[in-house]
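Q: dropping a prediction and its sequence here:
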Amino acid sequence: MKIQVIPVGPLATNCYLLGDEKTGECAIIDPGAQAERKIFPALEEFGMKCTKILLTHGHFDHVMALRDVKDKTGAEICIHKNDAPMLTEEYQSTWKALAARGYRQALADRMLEDGDTVQVGNLTVRVMLTPGHTQGSCVYLCEDAMFAGDTLFCGGCGRWDLDGGDADQMYDSLRRLAALEGDFRVFPGHEEATTLEHERQTNPVMTYAMKRCK
């Protein structure tokens, strides 16, 4: 398994390449912006064929380059069914100045549900629904890697005061993540990578969520 991070766009969204070195297939996770300038050069250097596009959720800063990546690679777009409507131009236009003009929609090829798996070559990616930031926010688990989107950050979590957000759901989702067996390398939607065990011990929102259920 090979992983590369590509920070893109005005909010420094982490776009990831997840590759299976045995088959030469890879997924692009959250192509948020700058396809020509950053994502495609990184993909060429990565040396693998993109067959899947995995979206952790539908906010504009995670999908602005979606149409460009779809057109170039033909890869299957995967997003949880609850966030699939967010990929339309109609939805993205509600963000007005924030969202970015110029969004060109590319709709889901596959609508995911909690517990689904997605194959990237020989790699099996597990889908874990973690609502709170949006209703369809997902975490993707592959071997010892967790692609956490805007659910879990190093030392924090995503906002729940945006469209589709819910504080109680976020606490429930963080508690579910904390209860996973073992440790994971956590690759969040913004800022630096961390580990699940580190967050269990030090993340104030996650520790509050863990205590909240007792």
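A: It's in. Numbering: from 1, shown residues only.

Q: list of residues touching the helix or strand hosting Ala209?
A: Assigned by DSSP states H and E, Ala209 belongs to helix 204-212. Helix 204-212 has contacts (CB atoms under 8 Å, 6 or more residues apart in numbering) with 152, 155-157, 170-172, 174-175, 177-178, 199-201. In short, each C-beta sits where N, CA and C put it, glycine included.

Q: are any of those residues buried, and which?
A: 152, 157, 170-172, 174-175, 177-178, 199-200 (16 or more other CB atoms under 10 Å).

Q: quick one on the thing from earlier: columns distance to Phe40 and pLDDT on top of the contacts of helix 204-212, output as CSV?
A: Compiled in CSV, the contacts of helix 204-212 are given as follows (distance: CB to CB, whole Å; pLDDT from 0 to 100):
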residue, distance to Phe40, pLDDT
Leu152, 28, 98
Gly155, 32, 97
Gly156, 31, 97
Cys157, 31, 97
Met170, 34, 97
Tyr171, 38, 97
Asp172, 38, 97
Leu174, 34, 97
Arg175, 39, 97
Leu177, 32, 98
Ala178, 37, 97
Glu199, 32, 98
Arg200, 37, 97
Gln201, 39, 96
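
Q: could I get those residues as JSON lines with distance to Gly132 and secondary structure?
A: JSON lines is the format used below for the contacts of helix 204-212 (distance: CB to CB, whole Å; DSSP: H, G, I helix; E, B strand; the rest coil):
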{"residue": "Leu152", "distance to Gly132": "10", "secondary structure": "strand"}
{"residue": "Gly155", "distance to Gly132": "16", "secondary structure": "coil"}
{"residue": "Gly156", "distance to Gly132": "12", "secondary structure": "strand"}
{"residue": "Cys157", "distance to Gly132": "7", "secondary structure": "strand"}
{"residue": "Met170", "distance to Gly132": "3", "secondary structure": "helix"}
{"residue": "Tyr171", "distance to Gly132": "7", "secondary structure": "helix"}
{"residue": "Asp172", "distance to Gly132": "7", "secondary structure": "helix"}
{"residue": "Leu174", "distance to Gly132": "8", "secondary structure": "helix"}
{"residue": "Arg175", "distance to Gly132": "11", "secondary structure": "helix"}
{"residue": "Leu177", "distance to Gly132": "11", "secondary structure": "helix"}
{"residue": "Ala178", "distance to Gly132": "13", "secondary structure": "helix"}
{"residue": "Glu199", "distance to Gly132": "15", "secondary structure": "helix"}
{"residue": "Arg200", "distance to Gly132": "17", "secondary structure": "helix"}
{"residue": "Gln201", "distance to Gly132": "21", "secondary structure": "helix"}
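
Q: need these in a markdown table with distance to Arg67, can you?
A: As requested, these are exported to a markdown table (distance: CB to CB, whole Å):
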| residue | distance to Arg67 |
| --- | --- |
| Leu152 | 28 |
| Gly155 | 33 |
| Gly156 | 31 |
| Cys157 | 29 |
| Met170 | 29 |
| Tyr171 | 35 |
| Asp172 | 33 |
| Leu174 | 32 |
| Arg175 | 36 |
| Leu177 | 31 |
| Ala178 | 36 |
| Glu199 | 34 |
| Arg200 | 38 |
| Gln201 | 41 |
